[in-house]
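*Asks:* Sequence and predicted structure are below.
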Amino acid sequence: MAAVRAEPLTLNDAIQLALQKNPRIHVSAFSPQIARANVLQQYGQFDPAITFNRSYSQSDALLTVGSSVTQFTQTDNYSLELGGLAPWGLTYSIGGTAVNERGTFNGFAANYVTFGGVTVTQPLLRGFGFGANLAGLRVAKANRAISDWTHKQTVIDTVTNVIAAYNNVLLARDNLRIARFSHDLTAQLLDENEKRNRVGALADADVTQARARLATREEPILFAERAVHDAENQLRAQIGETSFLADGPTLDLAPLPPATPMTISPADDLKEAYAQRPDYQAARLGITKLRATDAQAQNQLLPRVDFVGSYGYNGLDSDFAASRRQVYNEDRTAYSAGVVVSVPLTFAQGRGQARAARLTLRQSEADLVRLEQDIAIAVATAAGQIETTRQRVAATRASLELAQRALDAEQKRYLAGTSRTLDVLTLQEQLVSVEGTQVQALTDERVAHAAYERLLGITLARHQITLN
């Protein structure tokens, strides 16, 4: 249970507590970090690596078929290379190798063959270019941006939920106040009827009628008290509390003023929604991912044609240092060049992958158009809802004033003996109903503004919230 606050909890306080403690935000905050780690992983495939190899092998074999003479061979292999993959598909290796092969054929004399230089393999068709080799990185970067937008959406949703929950608590308390007010009005009328009945100025039926109506005022109070408790628990959950005691202290909330009039510009607001809504931006980034995947799939339809080559210097000597020195002095040039060709017979796998990637891309592009339409309809609907709630607030305010005047006038007539108990009870019910409608309209207007800000994706900017 949270500690009792010295000051009332304001709406801004509740939002800040939710940003700090709401479990959904805590969970969502891991996603951008995970996505950044995945981008780092994709960059890692282009990191050069130093590789050292040392191996020894030996073998024996008959010199000729049917011969009893065996040739025994020992081989030592050494290599030290710096190699890696370039973003356009080139694989390279820079370093040196040394092979010492000896055996019965040379009296086990050392014979070091060394090479120092560069070896490359460059795809010319399949596997060539940035599109084929950067697809994974591009997808990871898009996922990183999507995770940022998704996290932003989670924060926006949470802030909007806090605003709604805060307003719901105030509404529930207003409804409880109105239910008690209704009870008190009827209790006052019953007390007046009993006084007048005792002096013979009023019939017993009027007392019974008022007493019966008072009995019906008890149940709404019970329902309203339950609603207040439940609404407070919803708000506690949004601001990160974990204890929901049935007899715990109530939240001390600061009252909210009526909603500030909001300027609605459908055309400008729709552009704002396209620019700021996280779900729309995530959908666009999803298309970016699919385009990268499509480019890679189209490249895989090509046959494999790779250029392979090397250039460097050789050394040959019975002494390893002397053989290596020959490489260092560039005494003997060594180079090679060639082409490796591999052509699948049917391309079935590649054609299937390419077709699926292209169709998935077109599907997402079509779905983006559908989302744009949904957003346009939602913006228009929400704008109309704001105007409707504004008119409701004005209408219920006027109705409340008239209902209060009507009840005051009827009570004066009742005290003057020209009105009935039933007439007073009826106007009491009308006043209570109109006041309930008034507080509901005020709450709906504030919530409608918050929902419209969420729809445009500007909730965080309106509340001056910056995500790290």
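*Replies:* Looks like it came in fine. Residues are numbered from 1 along each chain as shown.

*Asks:* helices or strands next to the strand or helix carrying residue 26 in the packing?
*Replies:* Taking DSSP states H and E as the criterion, residue 26 maps to helix 23-28. On a contact count with 3 or more Cβ pairs under 8 Å, 6 or more residues apart in numbering; DSSP states H and E, helix 23-28 meets helix 135-198. In short, each C-beta sits where N, CA and C put it, glycine included.

*Asks:* Which helix or strand lies directly C-terminal to the helix it packs on?
*Replies:* Immediately after helix 135-198, counting by DSSP H and E, sits helix 204-215.

*Asks:* average model confidence for that following helix?
*Replies:* What helix 204-215 shows for mean pLDDT is 91.

*Asks:* quick one: contacts of it?
*Replies:* For helix 204-215, contacts defined as Cβ atoms under 8 Å, 6 or more residues apart in numbering pick out 183, 186, 187, 189, 190, 193, 194, 197, 420, 421, 422, 425.

*Asks:* now swap in stretch 377-387 and tell me
*Replies:* By Cβ under 8 Å, 6+ apart, stretch 377-387 touches 262, 264, 266, 269-270, 273, 445, 448-449, 451-452, 455-456.

*Asks:* Now do the buried residues in that stretch.
*Replies:* Residues 378, 379, 382, 383, 385, 386 are the ones in stretch 377-387 that count as buried (16 or more other Cβ atoms under 10 Å).

*Asks:* what's the answer for stretch 401-415, then?
*Replies:* Using 16+ other Cβ under 10 Å as the burial criterion, the residues of stretch 401-415 that qualify are 403, 407, 410, 411, 414.

*Asks:* do the same with stretch 324-336
*Replies:* Residues of stretch 324-336 classed as buried by neighbour count (16+ other Cβ under 10 Å): 324, 326, 327.

*Asks:* So for the longest strand anywhere in the chain, mean pLDDT?
*Replies:* Using DSSP state E, we find that the single longest strand of the chain is strand 70-85. Regarding strand 70-85, the rounded mean pLDDT is 92.

*Asks:* Starting from the helix holding residue 26, tell me the next helix or strand along the chain.
*Replies:* helix 30-44.

*Asks:* tilt between that following helix and helix 135-198?
*Replies:* 180 degrees (axes from the mean of the first three to the mean of the last three Cα atoms, to 10 degrees).

*Asks:* Packing partners of helix 30-44?
*Replies:* Using 3+ Cβ pairs under 8 Å, 6+ apart, helix 30-44 is in contact with helix 135-198.

*Asks:* So the residue most central in space within the chain versus residue 156, what's the distance?
*Replies:* Among the residues of the chain, the one closest to the centroid is residue 150, at 1.9 Å (Cα atoms, centre = their mean). Using Cβ to Cβ, to the nearest Å, residue 150 is found at 11 Å from residue 156.

*Asks:* What ranges does this structure have for its strands?
*Replies:* So, for the chain - with DSSP E - the strands run 49-62, 70-85, 91-103, 112-123, 304-317, 332-342.

*Asks:* CSV please, covering the ones you listed and showing distance to residue 14.
*Replies:* Shown next, in CSV, are the strands of the chain (distance: least, Cβ to Cβ, whole Å):
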stretch, distance to residue 14
strand 49-62, 53
strand 70-85, 52
strand 91-103, 57
strand 112-123, 58
strand 304-317, 61
strand 332-342, 64
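
*Asks:* so residue 239 makes contact with residue 159?
*Replies:* No: counting by Cβ atoms under 8 Å, residue 239 sits too far from residue 159 to count as a contact (11.2 Å).

*Asks:* who touches both of the two?
*Replies:* Residues touching both residue 239 and residue 159 (Cβ under 8 Å, 6+ apart) are residue 18.

*Asks:* Residue 149 against residue 284, yeah?
*Replies:* No: Residue 149 is not in contact with residue 284 according to Cβ under 8 Å; the separation is 9.5 Å.

*Asks:* Between the two, which is the more surrounded one?
*Replies:* residue 149 (21 against 17; other Cβ atoms under 10 Å).

*Asks:* Distance check, that one against residue 160.
*Replies:* Counting by Cβ to Cβ, the gap from residue 149 to residue 160 is 16 Å.

*Asks:* what's stretch 353-365 in contact with?
*Replies:* Contacts of stretch 353-365 (Cβ under 8 Å, 6+ apart): 283, 286, 287, 290, 291, 293, 294, 296, 297, 298, 300, 301.

*Asks:* how distant is it from the center of its chain?
*Replies:* Taking Cα atoms, centre = their mean, to the nearest Å, one finds the center of stretch 353-365 at 24 Å from the center of the full chain.

*Asks:* ok, now stretch 210-222?
*Replies:* 49 Å.

*Asks:* which residues touch residue 404?
*Replies:* residue 431.

*Asks:* Please parse this protein into its domains.
*Replies:* Per automatic domain parsing, the domain ranges recorded for the chain read 11-41+136-293+353-462, 63-85+90-126+306-342.

*Asks:* For those, give me TSV that also has distance to residue 57.
*Replies:* Listed next are those as TSV, based on distance: least, Cβ to Cβ, whole Å:
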stretch	distance to residue 57
domain 11-41+136-293+353-462	36
domain 63-85+90-126+306-342	5
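
*Asks:* Give me whichever of these is most buried.
*Replies:* Of all the domains of the chain, domain 11-41+136-293+353-462 carries the top mean neighbour count, a mean of 17, counting by mean count of other Cβ atoms under 10 Å.

*Asks:* Ends of that domain, what's the gap?
*Replies:* Domain 11-41+136-293+353-462 has an end-to-end distance of 13 Å (Cα to Cα, to the nearest Å).

*Asks:* one step back: per-stretch mean pLDDT over the domains of the chain, give me the minimum one.
*Replies:* domain 63-85+90-126+306-342 (a mean of 90).

*Asks:* Distance check, residue 434 against residue 217.
*Replies:* The value you get for residue 434 to residue 217, if Cβ to Cβ is used, is 17 Å.

*Asks:* what does residue 36 give?
*Replies:* For residue 36, the distance to residue 217 - Cβ to Cβ - is 60 Å.

*Asks:* for the closest residue to residue 431 other than its chain neighbours, what are its contacts?
*Replies:* Nearest non-adjacent residue to residue 431, counting by Cβ to Cβ, 6 or more residues apart in numbering: residue 403, 4.4 Å away. Contact analysis of residue 403 by Cβ under 8 Å, 6+ apart lists 427, 430, 431, 434, 435.
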